[in-house]
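Undergrad: coordinates only, no sequence provided:
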C-alpha cells in the first residue's frame, strides 16, 4: 500500500523497509529538517515571525509528514560523519534558496505599496510589517496581508508542500547537486538572473493605476501653475495626488488582486518547472 495515498499506513511503511536502521532513519529525518527549517523561519505564509518553539514544532511536523518521500528517494546507509556534515550544509543551502524564492511574491507586493505611497507623498508614514519585520508603508502592509489571504485561498501552502516533495525526489537528502549545477546555462540560474527584472516589472504593473493617476495630476497641476503662477498650487497638489491615487487604487482593486493571485501561481509553477534541472 502506498504510504502517500489517503489509505496508506504510515507506520507500516517504516516497518516494511528492510535495512532501515534507527540511525539511518534519524539521519534522514535530521537532513530533511535542515531543509525545511529555513523555509519555516523565512517564508511569510508559514508564520515566519512565530515564536521559536512554534516554528521548530511546525518544522518537525512537516519533516515527519514528508519523511516517507525522503526515505523513498535516498539510501539507508547514512551515518554521522564528515559526509553527513556536507549533506547538512547542502540541505541548509537548499532550504534558504527555497525560502527566499517563496518570499519573493510577498516582497513584490510590498514594493508595490511602497511605490504608491512614495508617489502620494506619504512614504514617511512607515510602520513595521509583522510578517517581514521591515519598515514598510501602509499600503505595502495592506498588500502583504492581502496576498497572504489570497495565497491561502488558492491553496498556495499545498502547492508549496507539493513543490517541496518534488525537491526531495529530485535532490535526495543524501545526494549532491548535479555536475552542471554551476553552469550559467542551467534553467534554474537563468530564472534567478531574471528575478530582478521580474520583481521591478511586476511592482510597477501592480502600482500602474495609481501611478498614472498621480502622473496626470502632476501634469495638470503643472499646467495650472503656469497659467496662474500666483496661486499656491503646490499646497493643493499633495492632497489631490493622494486622493486620486487612492481612488484609482479602489477602481482597479479587483484587477490588481486578480493579477497578484495569477502571478504568484505562475511564479511557483516556474519554480516547479526548473527543479528537474537540478536533478542529481
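TA: Received, thanks. Just so you know, these numbers come straight off a predicted model, no measurement behind them.
Undergrad: all strands for the protein, in order.
TA: Here the chain has its strands, by DSSP state E, at 127-129, 134-136.
Undergrad: weakest of the ones you listed in terms of mean pLDDT?
TA: Of all the strands of the chain, mean pLDDT reaches its minimum on strand 127-129 (a mean of 64).
Undergrad: report the buried residues of stretch 32-52.
TA: Neighbour counts using 16 or more other C-beta atoms under 10 Å place 32-46, 48 of stretch 32-52 among the buried residues. Every C-beta, even on glycine, is put in place using the N, C-alpha and C of the backbone.
Undergrad: ok, and what's touching it?
TA: The contact list for stretch 32-52 (C-beta atoms under 8 Å, 6 or more residues apart in numbering) reads 54-56, 58-60, 62-63, 66-67, 70, 88, 91-92, 94-96, 98-100, 102-103, 106, 130-133, 144, 148, 151-152, 156-157, 160, 164, 167-168, 173.
Undergrad: contacts only, for residue 246.
TA: For residue 246, the contacting residues are 120, 210, by C-beta under 8 Å, 6+ apart.
Undergrad: how confident was the prediction at it?
TA: pLDDT, residue 246: 79.
Undergrad: now do residue 5
TA: Note for residue 5: predicted pLDDT of 50.
Undergrad: use 27 as the first number from now on
TA: Noted, 27 is the first residue going forward, which turns the last one into residue 31.
Undergrad: just to revisit the earlier point, now restrict the contacts of stretch 58-78 to buried residues only.
TA: 81, 84-86, 88-89, 92-93, 96, 114, 117, 120-122, 124-126, 128-129, 132, 157-158, 170, 174, 177, 182, 186, 190, 193-194, 199.
Undergrad: okay, and which of these map to helices?
TA: In helices, judged by DSSP state H, the following of these are found: 81, 84-86, 88-89, 92-93, 96, 114, 117, 120-122, 124-126, 128-129, 132, 170, 174, 177, 182, 186, 190, 193-194.
Undergrad: now do the helices in the stretch 177-306 of the chain.
TA: Using DSSP state H, counting those that start in this stretch, the helices of the stretch 177-306 of the chain run over 182-196, 213-219, 221-253, 259-277, 279-300.
Undergrad: nearest to residue 107, of those helices?
TA: Shortest distance between residue 107 and the helices of the stretch 177-306 of the chain, using C-beta to C-beta, is found for helix 182-196: 21.6 Å.
Undergrad: got the angle for the closest one vs helix 279-300?
TA: Computed by axes from the mean of the first three to the mean of the last three C-alpha atoms, to 10 degrees, the angle separating helix 182-196 from helix 279-300 equals 10 degrees.
Undergrad: distance from helix 182-196 to the middle of the chain?
TA: On the basis of C-alpha atoms, centre = their mean, to the nearest Å, helix 182-196 is displaced by 13 Å from the centre of the chain it belongs to.
Undergrad: related to what we said a few turns ago, dump the helices of the stretch 177-306 of the chain into TSV; add distance to residue 101 as well.
TA: Formatted as TSV, the helices of the stretch 177-306 of the chain follow (distance: least, C-beta to C-beta, whole Å):
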stretch	distance to residue 101
helix 182-196	13
helix 213-219	24
helix 221-253	34
helix 259-277	54
helix 279-300	25
